[in-house]
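**Q** Let's see this in three dimensions:
(one chain, ligands or ions: 1)
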Amino acid sequence: MIELKTPGEIDVMRRAGQIVAGLLAHLAAFVRPGIRTQQLDEAAGAYLRRAGAASAFLHYRGFPATICVSVNEEVVHGIPGERKLREGDLVSIDAGAVVDGLFADAAVTVPVGAVSPQARRLSEATKRALEDGIAAASAGRRLSDISHAVQRVVERAGFGVVRDFVGHGIGRALHEEPPIPNFGEPNMGPRLRPGMVLAIEPMVTLGSYDVHILSDGWTVVTKDRSLAAHFEHTVAVTEHGPEVLTRTDEVTGHQ
Ligand code: MG
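**A** Numbering: from 1, shown residues only. Sure, this is the predicted structure:
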């Protein structure tokens, strides 16, 4: 059962989304060689406190940090810690905020200094895949149109789509129905309707898409330890097309 949000609920989710967008821009600007992932987490905590929002991730099923920071072969759910970022790393930052009981969730992948051409292409393809997925989130289309749009961009670029983790509905909980795979045939699944809010989040790998979870119980890495990238937006299906709630500036295409 996919819960439809009222315009009032979407207003609140838009506020949460704007906080997440501002937070990710703030953290992306803070990324540089030599900083510890823990420092990103501390900066995120301070930002959310100033904004009057709570982290959607802290204590979620026991997750111990404010944000997820996943470096290189880490795909998602990396736990910030002592690790220092190095020139050439590819770092994915995933953040969620709660405002008045409503959630928003987004992620960006950021280069640390100069990265390899492959890393740049991987990151760009993942971002493009997200944009195509968002464009497919139109009322009247079907859920797997999003999945198919994402997969097409990724595979045309020669990369792999992670199967084991997927996007999700979002609202009064971080993870709601429906699951949103980043792969699949088009024109299947529920029809998209105004009021649905979806977290679309391609997770893309340079090599095989097989992943596994490290012994910390959280960090998802590629099995072959190839690089991964992750972008995510929270998107409301409206009568006027998809509205990205976690984007601050539609015109410049800012993350
Ligand atoms: Mg998510």
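
**Q** Do stretch 11-27 and the ion come into contact?
**A** No: applying CB under 5 Å from the ion, one finds stretch 11-27 separated from the ion by no less than 10.6 Å. Bear in mind the C-beta positions are built from the backbone N, C-alpha and C, glycine included.

**Q** Would you mind pulling the contact partners of that stretch?
**A** Stretch 11-27 is contacted from outside by 5, 40, 43-44, 47-48, 51, 53, 67, 93, 95-100, 102-108, 170-171, 197, 234, 236, 243-248, 254-255, using CB atoms under 8 Å, 6 or more residues apart in numbering.

**Q** Quick one: the helices in the stretch 1-150 of the chain, in order.
**A** With helices called from DSSP state H, counting those that start in this stretch, the stretch 1-150 of the chain shows them at 7-30, 37-51, 117-135, 143-156.

**Q** of the contacts of stretch 11-27, list those near the ion.
**A** Among those, the ion is touched by Asp105 when using CB under 5 Å from the ion.

**Q** Name the nearest residue to Pro64, sequence neighbours excluded.
**A** With CB to CB, 6 or more residues apart in numbering as the criterion, Pro64 has its nearest non-adjacent residue at 6.2 Å, and that residue is Ile79.

**Q** Please report how far the closest residue in space to Leu58 that isn't next to it in sequence lies from the ion.
**A** Using CB to CB, 6+ apart and skipping residues adjacent in sequence, the residue nearest Leu58 is Thr66, 5.2 Å away. Distance, Thr66 to the ion, by CB to the ion, to the nearest Å: 15 Å.

**Q** re the thing from before, buried subset of the contacts of stretch 11-27 as a PyMOL selection?
**A** In PyMOL syntax, the buried subset of the contacts of stretch 11-27 is picked out as below (16 or more other CB atoms under 10 Å):
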select buried, resi 5+40+43+44+47+48+51+53+67+93+95+96+97+98+99+102+103+104+105+106+107+108+170+171+197+234+236+243+244+245+246+247+255
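
**Q** In contact with the residue of the stretch 1-150 of the chain found nearest the ion, which residues?
**A** Here the stretch 1-150 of the chain gets closest to the ion at one residue, Asp105, 4.2 Å apart by CB to the ion. Going by CB under 8 Å, 6+ apart, Asp105 touches 20, 56, 94-96, 170, 174, 199, 201, 232, 234, 246.

**Q** Any idea what it is bridged to?
**A** Gly96 (DSSP bridges).

**Q** Do you have the strands of the stretch 151-255 of the chain handy? List them.
**A** In the stretch 151-255 of the chain, the strands defined using DSSP state E, counting those that start in this stretch lie at 160-161, 167-169, 176-180, 197-200, 203-205, 211-213, 220-222, 228-230, 233-238, 241-244.

**Q** a markdown table for those, including mean pLDDT?
**A** What follows is these, written out as a markdown table (pLDDT from 0 to 100):
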| stretch | mean pLDDT |
| --- | --- |
| strand 160-161 | 98 |
| strand 167-169 | 98 |
| strand 176-180 | 98 |
| strand 197-200 | 98 |
| strand 203-205 | 98 |
| strand 211-213 | 98 |
| strand 220-222 | 98 |
| strand 228-230 | 98 |
| strand 233-238 | 98 |
| strand 241-244 | 98 |
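
**Q** Put together CSV for those strands, with distance to Pro33 on each row.
**A** Below are these laid out as CSV (distance: least, CB to CB, whole Å):
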stretch, distance to Pro33
strand 160-161, 27
strand 167-169, 31
strand 176-180, 34
strand 197-200, 30
strand 203-205, 24
strand 211-213, 26
strand 220-222, 22
strand 228-230, 19
strand 233-238, 28
strand 241-244, 31
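
**Q** who are the neighbours in contact with the closest residue to the ion within the stretch 151-255 of the chain?
**A** Taking CB to the ion, the ion has its nearest neighbour within the stretch 151-255 of the chain at Ala199, 4.2 Å off. By CB under 8 Å, 6+ apart, Ala199 lies in contact with 105-106, 167-170, 180, 232-235.
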